[in-house]
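J.: Any chance you could fold what I've pasted below:
(chains A, B, C and D, ligands or ions: 4)
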Amino acid sequence: MGRRSLAVVPWPDIGQWCLELHKSDGAAMERNMLRQDVSRTAVRTSADHRVPVTDRTPQEPPLRVSPGAEPAGPPDDVLQLLTPEGVRRSHADLDDWVADVGDDELAALYEDMVVVRRLDLEATALQRQGELGLWPPLLGQEAAQVGSARALRRDDFVFSSYRENAVAYCRGVDLTDLVRVWRGTTASGWDPFAVGMATPTIIIGAQTLHATGYAMGCVKDGADSVAVAYFGDGATSEGDVNEAMVFAATFRAPVVFFCQNNQFAISEPVGLVAVRPLADRAPGFGIPSLRVDGNDVLAVTAATRIALDRARRGEGPTFIEAVTYRRGPHTTSDDPTRYVDPAVAEEWCAKDPILRVERLLESRGRLTAELTAAVTEHADAAAAEMRRGCLGLEAPPPLSVFDHVYTAPTSWLERQKSQYAAYLAMFEEA
Amino acid sequence: MGRRSLAVVPWPDIGQWCLELHKSDGAAMERNMLRQDVSRTAVRTSADHRVPVTDRTPQEPPLRVSPGAEPAGPPDDVLQLLTPEGVRRSHADLDDWVADVGDDELAALYEDMVVVRRLDLEATALQRQGELGLWPPLLGQEAAQVGSARALRRDDFVFSSYRENAVAYCRGVDLTDLVRVWRGTTASGWDPFAVGMATPTIIIGAQTLHATGYAMGCVKDGADSVAVAYFGDGATSEGDVNEAMVFAATFRAPVVFFCQNNQFAISEPVGLVAVRPLADRAPGFGIPSLRVDGNDVLAVTAATRIALDRARRGEGPTFIEAVTYRRGPHTTSDDPTRYVDPAVAEEWCAKDPILRVERLLESRGRLTAELTAAVTEHADAAAAEMRRGCLGLEAPPPLSVFDHVYTAPTSWLERQKSQYAAYLAMFEEA
Amino acid sequence: MATLTLAAALTSGLRHALEDDPKVVVMGEDVGRLGGVFRVTDGLQKDFGPDRVMDTPLAESGIVGTAVGLCYRGYRPVVEIQFDGFVFPAFDQLVTQVAKLHYRTRGAVRVPLTVRIPYGGGIGAVEHHSESPEAYFTHTSGLRVVTCSNPQDAHTMLRQAIACDDPVVFFEPKRRYWTKGEVDTDAPLDDVPMEQARVVTRGDDVTLVTYGPLVATAVDAALAAREDGIGIEVLDLRSLSPVDLATVEESVRHTGRLVITHEAQQHGGLGAEIAASITERCFFHLEQPPARVTGFDVPYPAAKLEEHFLPDVDRILDAVDRVLGRQNSLTGWKG
Amino acid sequence: MATLTLAAALTSGLRHALEDDPKVVVMGEDVGRLGGVFRVTDGLQKDFGPDRVMDTPLAESGIVGTAVGLCYRGYRPVVEIQFDGFVFPAFDQLVTQVAKLHYRTRGAVRVPLTVRIPYGGGIGAVEHHSESPEAYFTHTSGLRVVTCSNPQDAHTMLRQAIACDDPVVFFEPKRRYWTKGEVDTDAPLDDVPMEQARVVTRGDDVTLVTYGPLVATAVDAALAAREDGIGIEVLDLRSLSPVDLATVEESVRHTGRLVITHEAQQHGGLGAEIAASITERCFFHLEQPPARVTGFDVPYPAAKLEEHFLPDVDRILDAVDRVLGRQNSLTGWKG
Ligand SMILES: Cc1ncc(C[n+]2csc(CCOP(=O)(O)OP(=O)(O)O)c2C)c(N)n1
Ligand SMILES: Cc1ncc(C[n+]2csc(CCOP(=O)(O)OP(=O)(O)O)c2C)c(N)n1
Ligand SMILES: [Mg+2]
Ligand SMILES: [Mg+2]
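T.: Ligands and ions are numbered 1, 2, ... in the order given. The predicted structure follows:
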């Protein structure tokens, strides 16, 4: 419990493939650099496929990915600034967007990631110990969540799914509130308006419409706040997500569609819902998209900032596909051994989002004993605080089951409540 | 009534714009011709934008089309074989697909279009005379419907919306059955299996999933039948249509998504549901698409055959956007003067799908007096037959309201029926 | 006071709401330039601009889902579902999000959304244009469901619904859109609470509970019965969830007889709840079991059959005879 | 005969159906390689191949809508909705298409679709994982709705549902998945029709109607009551639409007292229909008004509160006392 989480992550040899942009795309990329500004060149629109992220080698019509097929292999066309080996690569489209991220800022992101991994593992442990009913681990997705969430402003608003606990952490959600719903004491954890983040939506994709509507409201208000919708790869197949893209494009809503492609929807590989990269979907709706290495906190930060900037400048929605990997089970109830290829899982361990930052910091001489001690301490303290908070959560009073159905009591429900109170009283009397 | 419908269509001067493919695309087009087969080169996939229909001039990120804006102007990038002036243009990708369409075949398509226009106007008249409750005119969409429907095989299966009465006609639907539902005597007109076409689905977009499922069944059966889903521009915004594309791509289903972009969803211009051409949507799902002049029966035929061929050869779904114009009201209940720009409407009159075939036939010396007489006679006879059939349709017997809820009677419903019979008997006794 | 059709009274209600509160926005398919297929939003976009009266893409889940987002941002959206049968694509958002958000967040998030749905039959329409889906919503805790039967209620209740901090599904009896009546648009909104049922006619013999389009039919039935010397007390529920059962109960305690009529199918319709609840509460005051006169348990039929599906004066009076123990269609009937 | 859990009995039912009819296909989220989140489809893809047991994209409307298309092509799809609360995105397809196609086409198109939905609470789950949405479907003419309470019924009824030419919504009581029982997988399918209710325990004093997960609870209540000398006749409805009201009626005519219990919310729940219908048919045999013991009219609450929401033996016995006129929680209660 007290140990730093990173220490327990197995660390296999690093394979040969890398996340760099294909060399062959370099020329086209440079051509583009000349005639478009940075924020535009990095995004893909189907009208202009010569921007770097979309200039793929022409290919035959997409081959069917048959149901049950393996999840797609390593992405070969994602935006990346930090390799798994911890090497900072430069990228003409992205560098400017993280120019302010110096060593201190990097250390802060590092700290965030370590803390949220620690919290995530702690929550998993709490579930295993019977203190939580369920937990959806985010192991492996720390960079996607921290990198995007830390790019937001206070007055932006997040609409997420259930797995975005690192986002919630970055938004400032109280640690006890993080586990409330998973302990079953309430149906959601916190006051959305206090932190600028709605509580999780379990119905897959439904929140993307809320984000779009919120963003439409920002336009009406003349505010430059942005709504961010987090959702998974599986969610992209739900009607709601597609309708959200229609509305966002039509109303040029300042919304960022942040899709964490963690390769799975429970057991189903991403290839089952998309025969092409998910980032290719949005341009057809008139929404530019970015495909980014979701395990690279710098690239995620840059991409999110590009999208936020577009939104604030009135250019409307952007779609980001953060390519990552769900290293844990879908939830603590899941048995991934039934469908996960251990070799692939191992490959992804090599692309750990935290380790590469650690390596970068190390290469700069910033991974000092002080830093790791402080970070570990912070993570341990956070985990302990969350655990304490969790164990302190009690079942709410019985009659509270009737509260908050409406904003004001109704005679109908007051009657049921009163009858149930009479019923409970019977046992007290006895 | 007895007069040929074409005579009453106003015929303004033909404007200068034309539907030809952009000249500047020629080079890219030819390049492509060299290395891909015909059926592939004509389709657009987002992976290969150098095929003719997608090689647009690079453009800025899509501009917002604000709600209530005018429908998009004349399409400048649609596939076309027959100009509004009646000139047959050649197109390397398409010509082969209509090589068998000689003058006789052209005359037959002409006849179909004249007949369905006549039937459509007759039905509108029947509605105005109080004989039908409602009618959704297809005026202006004859080429899109006839050209596609005539490309189908008997064993293909159509799933349509309410406006595809010309498709139903081509499938061999009995003329009385065409108006049955609009007279209110039944909820749908014909036996789908007798003609290979489901009866109309009024819930926008729902039928696209049925078509996809049917196509999945064809694959299971090892049959090379194809399912065709007809739907409108407005429908593309419904979740179901997008989910249908997801399923079709995943299961490589032999389904043709045939979208008639008639510029309107009731009063809403297509720009309200799509800030980019509708045909751009499908490639992101991994579905190649074609954007075709929907008022050009030859181009529609070619495009449909390309799509059918891909489907039969196991290459999966294709999306066709047939760019056309709804010349009448949404339905006979609609008042299009509230939202239609008469200048635009007039422009579209100049692009009449029938007139251009007439002109072509004329230029070939095939628009003989015999032909026009025969066609007129056929149209008149069909209209008369439909009218006769319509007027003969009686209200069904009262107790039939209880029939066909289930495939076998249930005690619950039999009881209601028996009680209602007793109720009705009371009046007979009296 | 002005004489308005029910539809115009709704328009005027919307207009007032838009004027009174800058956070009110109207959205839906064809509600802007066209003014809605029933013209209920006619002229509003012209006067309030496309930012406040928005034509939306054709996608009901999208309409309701983005309206939820607008609520998060402090707006009070009024969305139009074009016809009863087209609400189902939005059902998920309504049931899993709209209805539950306030409960889920223990009051932190309010969803002051109004969902306008023209409903009911009798207009000779094609499929999906004549349905009465209210029971799906009244079975959904967290939604308020109301309907109106006359221009004054249409005007006032719509404004109340929009002012209400809870989500309200507002059913508009489409075949009564052209019913005219006096409307006082200055009547204070809190005169009659939205939740309160109304006694439309007084009567001592039978309580006849209904709502929406059938209120007029019920009143016709009461007038006809009066000629036979039978006093029918017609109650217009107005609020379908919560139901003002106290008013029904009071009437039934007086008359001892209850008939409920609605267009929706019987099985699990709102009539079942009222019959069951009233039986629970007034069993020993009932002379006869409550009778229901409803649509049959079949999908809404083709237009030429709807006269058989829809309750009418005769079928209501037959049920009145039944609860009075008089000769009726089921006398001697063997099931 | 084999001893199987209810879940395994369902698996074996599916296996039989897949073997018996090549047109049967199983489809849904995670039903293939994973075998379903509850493992009900475990091993089927391995044995019947991915063409007959298909993992589908995550889209419920897509699942049901493509299944409709498969029906047109002569297939008999069995689709799984992962949890009760996730059926709503498919609601439009179910209500406007699946339920109405046969009626719409006057019998030309059959939709022999089975929709499996694990439902109900009591498993300590998060939101949307414990609901009982059956009333939405029983109010929808054209759908058959059934549920099971024991392994034998699970096995047989699922096969009956798949063999049925009508669409059947098949609710599986998820908290009873692990209940074990003897299952005769060779029992002829027409032994007991799917529509028929079952008398689970005989009793002279009170009729207790229930279904699905609460049948076991009702039996516990009957056992407890027996010790007090009270005879409860427990009826397991099995079919929720159509309801075998004749069996209920017969029992109530004998006992004169009716209690109905289900987990779903009260307002407009199936209990309302049964109470109303039985009152219509047996009014003069009833000693007391039918009592309902149901979930409250609130969204399904957080796990730590569900014990209050869910009917249990004590709440049922309290209602039994009420219909027997014995001292109970509402004795002296003033509303
Ligand atoms: C409408 C709906 N259908 C099904 C589910 C059950 N379910 C929960 S999570 C999940 C997979 C989601 O996958 P993805 O969108 O990729 O997100 P991830 O879990 O990978 O973060 C499914 C099918 C649900 N919550 N909502
Ligand atoms: C789910 C649903 N919502 C709304 C409607 C009402 N409606 C009928 S037609 C229509 C417009 C359809 O436009 P489009 O898809 O372009 O087809 P078109 O009428 O132009 O042929 C609308 C909104 C409907 N039938 N179904
Ligand atoms: Mg995922
Ligand atoms: Mg259209």
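
J.: OK, contacts around residue 232?
T.: Because you didn't say which chain, this covers chain A. A:161, A:163, A:204, A:259-262, A:265 (C-beta atoms under 8 Å, 6 or more residues apart in numbering or on different chains). In this view, the C-beta of every residue, glycine as well, is placed from N, C-alpha and C.

J.: My question was about chain C, not that one.
T.: C:201, C:203, C:205-208, C:218, C:221-222, C:225-226, C:320.

J.: backbone phi and psi for it, please?
T.: The phi/psi pair for C:Ile232 (degrees, to the nearest 10) reads phi -100, psi 130.

J.: beta partners for it?
T.: Here C:Ile232 shows beta-bridge partners C:Val206, assigned using DSSP bridges.

J.: what's the spacing between it and C:Phe296?
T.: According to C-beta to C-beta, to the nearest Å, C:Ile232 stands 23 Å off from C:Phe296.

J.: Please apply the same query to C:Val111.
T.: When C:Val111 is compared with C:Phe296 (using C-beta to C-beta), they lie 35 Å apart.

J.: same question, A:Ala274
T.: Look at A:Ala274 and C:Phe296: by C-beta to C-beta, they are 45 Å apart.

J.: repeat for A:Ala395
T.: Note on A:Ala395: its distance to C:Phe296, by C-beta to C-beta, is 46 Å.

J.: So these two - more neighbours on which side?
T.: C:Phe296 (22 against 15; other C-beta atoms under 10 Å in any protein chain shown).

J.: host element of A:Val181?
T.: Assessed by DSSP states H and E, A:Val181 sits inside helix A:175-183.

J.: Walk me through the domains of the chain.
T.: The chain I'm using is chain A. Following automatic domain parsing, one gets these domains for chain A: A:11-391, A:400-429.

J.: That was the other one, I meant chain C.
T.: Split into domains by automatic domain parsing, chain C comes to C:2-183, C:198-323.

J.: Quick check, the residue in the stretch 101-250 of chain C closest to ligand 3?
T.: Taking C-beta to the ion, ligand 3 has its nearest neighbour within the stretch 101-250 of chain C at C:Arg104, 23.0 Å off.

J.: contacting residues for that residue?
T.: By C-beta under 8 Å, 6+ apart, the contact set of C:Arg104 is A:187-188, A:199, D:127, D:299.

J.: Where helices are concerned, which of the residues you listed count?
T.: Of these, none are assigned to helices by DSSP state H.

J.: buried subset of the residues you listed?
T.: Applying 16 or more other C-beta atoms under 10 Å in any protein chain shown to those, the neighbour count classes A:187-188, A:199, D:127, D:299 as buried.

J.: For those residues, name the two members farthest from one another.
T.: Farthest-apart pair in these is A:Thr199 and D:Pro299; separation 14.1 Å (C-beta to C-beta).

J.: give me every residue that touches the closest residue to ligand 1 within the stretch 201-335 of chain C.
T.: At 24.2 Å from ligand 1, C:Gly268 is the closest residue in the stretch 201-335 of chain C, using C-beta to the nearest ligand atom. Contacts for C:Gly268 (C-beta under 8 Å, 6+ apart) come out as C:135, C:139, D:135, D:138-139, D:268-270, D:272-273.
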